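J.: I would like to see how this sequence folds:
(2 chains)
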Amino acid sequence: MSKHLIDLIDLRKEYDGVDVLKNINLYIRDGEFLTLLGPSGCGKTTMLRLIAGFVLPSSGQVIMGNKDLAGVPPYKRRVNTVFQKYALFPHLNVYDNIAFGLKIQKLSKAEIQARVQEMLELVNLRGYDKRWIEQLSGGQQQRVAIARALVNRPQVLLLDEPLGALDLKLRKGMQLELKRMQQKLGITFIYVTHDQEEALTMSDTVVVMNEGVIQQVGTPIDIYNEPKNIFVAKFIGESNILPGVMLQDYRARFHGREFECVDFGFAAGEPVDVVVRPEDIDLYEDNRSSLTGKIKSVLFMGVHYEFQVDTEGFSWTVHSTDYIAPGSEVSLVILPDAIHIMHKSLNPDELERPTEDELADAAALAEEQK
Amino acid sequence: MKRTVFAYPYIVWMLIFILAPMLLIVWYAFSKGGSFTLGNLITAFSDPVYMRVLLRSVWIALKATAICLLLGYPIAYLLSAMKKSTASLLYVLFIVPMWMNFLLRTYAWQVLLDKSGILNTLLAFLHLPAQNMLYTESAIMLGTVYNFLPFMILPIYTVLIKLDASLVEAAHDLGANGIITFFKVILPQSIPGIISGITMVFIPAITTFAISRLLGGGKFMLYGDLIENQFITLGKDAWPVGSALSFILLVLVLASMAVMRQAERNAGEEGGILW
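T.: Okay, here's the model as predicted:
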């Protein structure tokens, strides 16, 4: 698990003078389920195609098992791909689609037969070997695509948004099945998706990307609880993000108030971004905190209600299972461990000019220190 | 008013200009002096000269189709692999000659191939012996291939540019190099284009006339010339036999189309989505 299987070193890819991947450095461990997560156009699919060998990097290296893959064509890489639209061969039946790679390896008929059957078993398609591709449903085609890739026993399986075309229920089922297969076979999976929930459920490691740059690498729990910047916080789950100032260790000032928090190691007076997840805010219909406001709207979401609470011009998103009528006056309680402090984003595209609030907070701080 | 009334003009058109001439041919082919006879057909079949011309026509058409396929497939493949802008320019270059009259294009080859023509002048300039190119079977072949090659390239090109690029990537991904990918994925996927190309070359090639006269100098008569000869040169008395010859050719064309359609259907069953 700890061995590096793939190393991407200073990887850069440009198309027509535009960098779609900028200086990517990433290692992928043997046997892990790694997800490349990001909005469309963030470069995640390009990264997958660089590993598969369908495109070549503009600069940098892809190293697999201590070997630079620069001159290695896709058909010589021990990597197989499950394509976004499956790319099954319409002129071949299910059996011949799955056997395609094995026939090229010139294995014996008996072995091909055995391995194809084993795969059909694995993807729950026993008895479908003679079917034509067009006779299969989307979910079944998906399984054939997975079987066709896995039958070659690759070191790495690349999956390019494989569940994108399936309906929600099927998708949930396939997520579990993919995870089960990966654990059973012990093969490294590199999975591309824009669906944050999918990434959080399935992965050992999540790589969040935006505009060709890796934003954060971590376990799903890290990524959710400790987002590194505004982009990650916004992209993974819902968040209330406020500008603030770190007063000292464990103490931050935002929204005109001082809060206790669990973060430390920031410079005193450093402007920061504060993230509070909607489910970490408690609402009370009394005045137990100084942060009070009015419920503007309530949405029933199934498991919980989603409230928009207005306090002094800031609209908080709050999730709670208890219903409170819109228009009610409430107080918001934010416990120290619900507050997550981030350094101001270094990405110039996201660097916002200081807001009124921030200026006010900075002024208040200067006042105090006098 | 039913919308089908808009189809009436076309139906009338088809009755007058397609069905009526066909019926006339059948009528002439099977009648003598107003009564039914198989005599014309028997004459058309039993005359060894007619038979030899028919076999030669089939042979030349088959050979021309094969050459068109061998030339046309690689051209179509290269076009489909090129950058879109370059490909469309070259594509137009293949089409432009077809905007000119068929006879004009064939006459042009006469000028090129003639004993004192452009090619021989060039050979003389290079101090090479003059070649007897015009009025040979090869000249007929050249003319046929030249005239019908675009009909082979276009359908194959159309199929190849529609080919899903991810299928090629999938083949590479599964360990197939360029050659294996071509024979196991690209070629099977392009069969509909090949079949349509063969049909579109073989049928005009077997029914063609004028090419053999202009480039073969009348030494190698083809079935189309034979029919033309019956109607134009020999006059009204030869019409029944001419019609019988036409009828035989018609049946031959229909039969070859049926064979092609069957081949396409077989490929379709194997391949699923085609066209």
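J.: tally of neighbours for residue B:90?
T.: Neighbour count for residue B:90, taken as other C-beta atoms under 10 Å in any protein chain shown: 14. Any C-beta I mention is one placed from the backbone N, CA and C, and that applies to glycine too.
J.: after the one helix or strand residue A:306 maps to, next one along is what?
T.: Under the assignment given by DSSP states H and E, the secondary-structure element containing residue A:306 is strand A:305-311. Counting by DSSP H and E, the element after strand A:305-311 in chain order, helix or strand, is strand A:314-320.
J.: tell me the contacts of the residue nearest to residue A:107 when sequence neighbours are not counted?
T.: If you skip the residues right next to it in sequence, residue A:107 has residue A:115 as its closest partner in space, 7.7 Å away by C-beta to C-beta, 6 or more residues apart in numbering or on different chains. Shown here is residue A:115, whose contacts under the criterion C-beta atoms under 8 Å, 6 or more residues apart in numbering or on different chains are A:102, A:107, A:151.
J.: Give me the distance from the strand holding residue A:306 to the chain's centre.
T.: For strand A:305-311, the distance from its own C-alpha centre to the chain's C-alpha centre is 27 Å (C-alpha atoms, centre = their mean, to the nearest Å).
J.: That one relative to strand A:314-320, how many degrees between them?
T.: Regarding strand A:305-311 and strand A:314-320, their directions subtend 150 degrees when assessed with axes from the mean of the first three to the mean of the last three C-alpha atoms, to 10 degrees.
J.: in its sheet, what does strand A:305-311 sit against?
T.: Partners of strand A:305-311 in the sheet, by DSSP bridges, are strand A:292-300 (antiparallel), strand A:314-320 (antiparallel).
J.: Can you list the buried residues in it?
T.: Within strand A:305-311, the residues that qualify as buried are A:305, A:307-309, A:311, counting by 16 or more other C-beta atoms under 10 Å in any protein chain shown.
J.: now do stretch A:112-127
T.: By neighbour count, with 16+ other C-beta under 10 Å as the criterion, the buried positions of stretch A:112-127 are A:112, A:115-116, A:119-120, A:122-123, A:125.
J.: you'd agree residue B:228 is up against residue B:209?
T.: Yes. Judged on C-beta atoms under 8 Å, residue B:228 makes contact with residue B:209 at a distance of 5.1 Å.
J.: and stretch A:141-150, anywhere near chain B?
T.: Yes. When contact is scored as C-beta under 8 Å from any C-beta of the partner chain, part of stretch A:141-150 falls within range of chain B: A:148-149.
J.: what about dumping the CA coordinates of that stretch to PDB?
T.: Coordinates of each C-alpha in stretch A:141-150 appear next as PDB, following Å, rounded to 0.1, in the frame of the first residue of the first chain:
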ATOM      1  CA  GLN A 141     -22.600  -2.200 -21.200                       C
ATOM      2  CA  GLN A 142     -20.800  -0.500 -18.300                       C
ATOM      3  CA  ARG A 143     -20.200  -3.900 -16.700                       C
ATOM      4  CA  VAL A 144     -18.900  -5.300 -20.000                       C
ATOM      5  CA  ALA A 145     -16.500  -2.300 -20.300                       C
ATOM      6  CA  ILE A 146     -15.200  -3.000 -16.800                       C
ATOM      7  CA  ALA A 147     -14.800  -6.700 -17.500                       C
ATOM      8  CA  ARG A 148     -13.000  -6.000 -20.800                       C
ATOM      9  CA  ALA A 149     -10.500  -3.900 -19.000                       C
ATOM     10  CA  LEU A 150     -10.000  -6.000 -15.800                       C
END
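J.: low-scoring pLDDT stretches of the chain, where are they?
T.: Picking chain A for this. A:1-2, A:345-370 (pLDDT under 70).
J.: Hmm, no, I was thinking of chain B.
T.: For chain B, applying pLDDT under 70 flags the ranges B:1, B:268-275.
J.: now do 90
T.: Counting by pLDDT under 90, chain B shows low-confidence ranges at B:1-7, B:31-40, B:43-47, B:81, B:83-85, B:87-138, B:207-222, B:224-225, B:228-240, B:260-275.
J.: Around chain A, pick out the residues from it.
T.: By C-beta under 8 Å from any C-beta, the part of chain B that sits against chain A consists of B:164, B:166-167, B:169-177, B:180, B:184-185, B:188-189, B:270-273.
J.: Now the two most distant members of the buried residues of strand A:305-311.
T.: Pairwise distances across the buried residues of strand A:305-311 peak at 17.8 Å for A:305 and A:311 (criterion: C-beta to C-beta).
J.: Next, name the residue at the spatial heart of chain B.
T.: In chain B, the centroid-proximal residue (C-alpha atoms, centre = their mean) is residue B:201; its distance is 2.5 Å.
J.: Just the CA coordinates for the helix or strand hosting that one, please, in CSV.
T.: Taking DSSP H and E as the definition, one finds residue B:201 inside helix B:191-207. What follows is the C-alpha trace of helix B:191-207 in CSV, where atoms were taken according to Å, rounded to 0.1, in the frame of the first residue of the first chain:
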residue,chain,number,x,y,z
ILE,B,191,-17.6,-2.7,-44.2
PRO,B,192,-20.8,-0.8,-44.9
GLY,B,193,-18.7,1.8,-46.7
ILE,B,194,-16.9,-0.8,-48.7
ILE,B,195,-20.1,-2.6,-49.7
SER,B,196,-21.6,0.7,-50.8
GLY,B,197,-18.5,1.7,-52.6
ILE,B,198,-18.3,-1.7,-54.5
THR,B,199,-22.0,-1.3,-55.5
MET,B,200,-21.5,2.2,-56.7
VAL,B,201,-18.4,1.3,-58.8
PHE,B,202,-19.4,-2.1,-60.1
ILE,B,203,-22.8,-1.2,-61.4
PRO,B,204,-21.8,1.8,-63.5
ALA,B,205,-18.7,0.0,-64.6
ILE,B,206,-20.6,-3.0,-65.9
THR,B,207,-23.1,-0.9,-67.8
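J.: ok, now how distant is residue B:8 from residue A:198?
T.: Between residue B:8 and residue A:198 the distance is 59 Å, computed by C-beta to C-beta, to the nearest Å.
J.: who has more neighbours, the two?
T.: The residue with more neighbours, out of residue B:8 and residue A:198 and counting by other C-beta under 10 Å, is residue A:198; that gives 21 against 9.
J.: Now do the same for the more buried one: helix, strand or coil?
T.: State at residue A:198, reduced to three classes by DSSP: H, G, I helix; E, B strand; the rest coil: helix.
J.: Return the distance of it relative to residue B:186.
T.: Per C-beta to C-beta, residue A:198 is found 34 Å from residue B:186.
J.: domains of the chain?
T.: No chain specified, so I'll use chain A. What the record gives for chain A is the domain set A:4-225, A:238-369, from automatic domain parsing.
J.: Chain B was what I was after
T.: Each domain of chain B, as a residue range, per automatic domain parsing: B:1-37, B:40-271.
J.: And the first one, what's buried?
T.: This means domain B:1-37. Of the residues in domain B:1-37, those buried under the neighbour-count criterion (16+ other C-beta under 10 Å) are B:25, B:28-30.
J.: which residues touch residue 58?
T.: Just so you know, I chose chain A. Residues A:12-14, A:19 are the ones in contact with residue A:58 under the rule C-beta under 8 Å, 6+ apart.
J.: I was after chain B.
T.: In this structure, residue B:58 makes contact with B:206, B:252, judged by C-beta under 8 Å, 6+ apart.
J.: Point out the most buried one among the domains of chain A.
T.: Mean neighbour count (mean count of other C-beta atoms under 10 Å in any protein chain shown) peaks for domain A:4-225 among these, with a mean of 18.
J.: Chain B: which of the contacts of residue A:58 is nearest?
T.: The shortest distance between chain B and any of the contacts of residue A:58, using C-beta to the nearest C-beta, involves residue A:13 and amounts to 16.5 Å.
J.: what sits opposite the closest one in the beta ladder?
T.: residue A:21.
J.: could the buried residues of domain B:1-37 be laid out in CSV, adding distance to residue A:299?
T.: Written out in CSV, the entries for the buried residues of domain B:1-37 read as follows (distance: C-beta to C-beta, whole Å):
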residue, distance to residue A:299
B:25, 78
B:28, 83
B:29, 82
B:30, 83
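J.: Keep only those of the residues you listed that are in helices.
T.: Under the assignment DSSP state H, the buried residues of domain B:1-37 contribute B:25, B:28-29 to helices.
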